[in-house]
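Student: Give me the fold of what follows.
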Amino acid sequence: MSTKTQGDALPSEAGEARLQALARLSRAAYSLSAADARLRGRATRQAGALSLSHARVLRILAEEGALPVARLAELTETTGAGVTQLVNGLSEQGYVEKEKSPADKRSVLVRLTELGLARHRERERVLAEVLQRALTGIDDRTLDAAAEVLRALGGVYDQL
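Tutor: A predicted model of the protein is given here:
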């Protein structure tokens, strides 16, 4: 009579376990995507609310300074048209300013305003608090592994 341990799983059982784990990951990714959609919805209905895309633009401008639209699109991992739409929305809220580049009159520079910098800092503060509360008890190695999985999922999304 033999006792099977988890390390002794048959190849077909291991393959099935892997498929189930990937299915759970897929469902979690759909759930995260749905939460992002809800956040984007709030950002369009509530004054001052920021989608993740808008917050990413503010973060990049806070870190990099004024940027041409093309470079901002590259850093936000979106299209020129997409980043132009984001910048227009942020400009309407007074968070960014657009100006002609002194180096290239065909290029538009996007610059963070003082209000935009304040909004970015507030968003980062709230995000840090929420993350700290939500992820209490999860060790740093697990958080690093989760970050790695999320980056890999970004690559998966690009393939769909």
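
Student: From here on, just use CA atoms for contacts and neighbour counts.
Tutor: Will do.

Student: residue ranges for the helices of the chain, please.
Tutor: 11-45, 52-64, 69-76, 80-92, 114-134, 140-159 (DSSP state H).

Student: Geometric centre of this protein: which residue is closest?
Tutor: The centroid of the chain falls nearest to Leu52 when counting by C-alpha atoms, centre = their mean (5.6 Å).

Student: Could you verify my assumption that that one touches Arg42?
Tutor: No. Judged on C-alpha atoms under 8 Å, Leu52 makes no contact with Arg42 at a distance of 11.1 Å.

Student: which residues do the two both contact?
Tutor: The contact sets of Leu52 and Arg42 do not overlap (C-alpha atoms under 8 Å, 6 or more residues apart in numbering).

Student: picking up where we left off before, out of the helices of the chain, which comes closest to Arg106?
Tutor: Of all the helices of the chain, helix 69-76 sits nearest to Arg106, with 10.9 Å by C-alpha to C-alpha.

Student: quick check: mean pLDDT across the closest one?
Tutor: For helix 69-76, the mean per-residue pLDDT is 94.

Student: again, but for stretch 101-110
Tutor: Throughout stretch 101-110, pLDDT has a mean value of 81.

Student: Mind listing what's buried along that stretch?
Tutor: 108-110 (16 or more other C-alpha atoms under 10 Å).

Student: how far does it stretch from start to finish?
Tutor: End-to-end distance for stretch 101-110: 9 Å, by C-alpha to C-alpha, to the nearest Å.

Student: now swap in stretch 41-57 and tell me
Tutor: Using C-alpha to C-alpha, the end-to-end distance of stretch 41-57 comes to 18 Å.

Student: re earlier: what about the residue nearest to the centre of the chain, distance to Leu127?
Tutor: With C-alpha to C-alpha as the criterion, Leu52 and Leu127 are 11 Å apart.

Student: picking up where we left off before, out of the helices of the chain, name the one with the poorest average pLDDT.
Tutor: Among the helices of the chain, helix 11-45 scores lowest, at a mean of 85.

Student: Which strands or helices does that helix pack on?
Tutor: Applying 3 or more C-alpha pairs under 8 Å, 6 or more residues apart in numbering; DSSP states H and E, one finds that helix 11-45 makes contact with helix 52-64.

Student: what's the helix it packs on in contact with?
Tutor: By C-alpha under 8 Å, 6+ apart, helix 52-64 touches 36, 39-40, 67, 72, 75-76, 86-87, 90, 95, 110-112, 116-117, 120, 123.

Student: Then stretch 94-106?
Tutor: Against stretch 94-106 from outside (C-alpha under 8 Å, 6+ apart): 58, 68, 87, 90-91, 107-117, 119.
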